[in-house]
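Asker: Give me a model of this one.
(chains A, B, C and D)
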Protein chains: 2
Amino acid sequence: MMTFTQIRQLLTKKHLKVTPQRAMIVDFMMQTDCHPTAEEIYEAVKDAIPGLSKGTLYNVLKTLVDANILNTVALEPGTVRYDANVSNHHHFIDVTTGEVYDIPWDKVQNLFKVLGEDYNVANYQVNFYGVKAEPQKSAPKSKPS
Amino acid sequence: MMTFTQIRQLLTKKHLKVTPQRAMIVDFMMQTDCHPTAEEIYEAVKDAIPGLSKGTLYNVLKTLVDANILNTVALEPGTVRYDANVSNHHHFIDVTTGEVYDIPWDKVQNLFKVLGEDYNVANYQVNFYGVKAEPQKSAPKSKPS
DNA sequence: TTGTATGCAAACGGTTTGCAATGCG
DNA sequence: CGCATTGCAAACCGTTTGCATACAA
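Answerer: Numbering: from 1, shown residues only, chains lettered A, B, ... in the order given. Here you go, the predicted model:
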């Protein structure tokens, strides 16, 4: 959980002006573990940023991706999703709900060498598709329902 | 290399009417190792199918994907690419050229179980990013977009 | 104060839809 | 012959662009 002071420092460190629009969008993206589309981000932040325009949203997203504060990910053909986790990791897509879960990088064995000499692998990423098991009822949650 | 008789048989086996548009598009997709976008397919086949309309192209592509003759692949955010290789395989993307190479399924160890009980993995796919080694005697498998 | 970021609206590219005409089985 | 498929054009949706205004530094 990032404070607004930390968000301000993050933007400043990247030589970006701190605007309410940028700060609120970064704040939302840092708090969510989803991989939302631009439209989903707009729906999520529009109440907190009265009068936010779509043009500004796309402009901010482009700026944040260029600054490596966000990444775009290719999970479904034809869709752009945004991810505040810019470090190496994999994805699990629940095909029944469309939900996307981050999978820690070291869950998968090192694959840099499996293609042999012909391919100089600089990076790789695994997309898993399936159904997530229902959370166990016995597992206590921090939040009461 | 598929003959037109074989293409006709393939479509018929899937209970699809054989039209010149469908046959030509299947023929092109079976002959290419690329992973073309709809626009690239249109450019490639429009001379062989005079008067082909974009609407028909998208209609045919949707029909072929539904019939599991083609697959869509998510290689870049926001782009739909089509693949006549409908069996399990991975992809290597040359980041300098944008070329895409099919990687045989068994180059990567079985990953169905690595996520444990919580994730019921039905399928997975690895995207490798890097630079292909120089000696390219054979034609590249995909052109840059 | 200065230049960048914003809001708005129009434009844009890729895809879909509706409908009349064509043609496959 | 009958219904699925086609061509065409308009509509649609996500994204980009141009421009006047607002505002962070």
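
Asker: Test my guess that residue A:120 contacts residue B:129.
Answerer: No: using Cβ atoms under 8 Å, residue A:120 makes no contact with residue B:129, being 10.1 Å away. Backbone N, C-alpha and C define where each C-beta goes, glycine included.

Asker: any idea where the helices of chain A begin and end?
Answerer: Using DSSP state H, the helices of chain A run over A:4-13, A:20-31, A:38-45, A:54-66.

Asker: Out of these, which one sits most buried?
Answerer: helix A:20-31 (a mean of 19; mean count of other Cβ atoms under 10 Å in any protein chain shown).

Asker: where's the closest residue to residue A:52 other than its chain neighbours relative to chain B, distance?
Answerer: Excluding its sequence neighbours, the residue lying closest to residue A:52 (Cβ to Cβ, 6 or more residues apart in numbering or on different chains) is residue A:46, at 5.4 Å. Distance, residue A:46 to chain B, using Cβ to the nearest Cβ, to the nearest Å: 22 Å.

Asker: mind checking the backbone torsions on residue A:46?
Answerer: phi -60, psi -30 (degrees, to the nearest 10).

Asker: burial count for it?
Answerer: 15 (other Cβ atoms under 10 Å in any protein chain shown).

Asker: go on, residue A:49?
Answerer: 20.

Asker: wait, what's in contact with it?
Answerer: A:20, A:21, A:24, A:25 (Cβ atoms under 8 Å, 6 or more residues apart in numbering or on different chains).

Asker: Enumerate every residue touching the spatially closest residue to the last one that is not a sequence neighbour.
Answerer: What it means is residue A:25. Distances taken as Cβ to Cβ, 6+ apart place residue A:60 nearest to residue A:25, at 5.3 Å, with adjacent residues excluded. Counting by Cβ under 8 Å, 6+ apart, residue A:60 makes contact with A:21, A:22, A:25.

Asker: could you redo those as a markdown table and give each row distance to residue B:31?
Answerer: Listed next are the contacts of residue A:60 as a markdown table, based on distance: Cβ to Cβ, whole Å:
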| residue | distance to residue B:31 |
| --- | --- |
| A:21 | 49 |
| A:22 | 48 |
| A:25 | 45 |
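
Asker: Show me which strand runs longest in chain A.
Answerer: Of all the segments of type strand in chain A, defined by DSSP state E, the longest one is strand A:119-132.

Asker: got the angle for that one vs strand B:119-132?
Answerer: For strand A:119-132 against strand B:119-132, the angle by axes from the mean of the first three to the mean of the last three Cα atoms, to 10 degrees is 160 degrees.

Asker: mind listing what's buried in strand A:119-132?
Answerer: Across strand A:119-132, burial judged by 16 or more other Cβ atoms under 10 Å in any protein chain shown covers A:119, A:120, A:121, A:124, A:125, A:126, A:127, A:128, A:130, A:132.

Asker: Can you give me the separation between the residue nearest to residue A:52 and DNA strand C?
Answerer: 10 Å (Cβ to the nearest atom of the strand, to the nearest Å).

Asker: my read: that residue touches residue A:53, true?
Answerer: No: judged on Cβ under 8 Å, residue A:46 makes no contact with residue A:53 at a distance of 9.7 Å.

Asker: hey, what's the residue most central in space within chain A bridged with?
Answerer: For chain A, residue A:83 is the residue whose C-alpha lies nearest the centre (Cα atoms, centre = their mean; 1.6 Å). Residue A:83 forms beta bridges with residue A:71, as assigned by DSSP bridges.

Asker: ok, now residue A:121?
Answerer: Assessed by DSSP bridges, residue A:121 has beta-bridge partners residue B:130.

Asker: pretty sure it is in contact with residue A:111, am I right?
Answerer: Yes: in this structure residue A:121 lies within contact range of residue A:111 using Cβ under 8 Å: 7.2 Å.

Asker: Give me the common contacts of these two.
Answerer: Taking Cβ under 8 Å, 6+ apart as the criterion, residue A:121 and residue A:111 both touch residue B:128.
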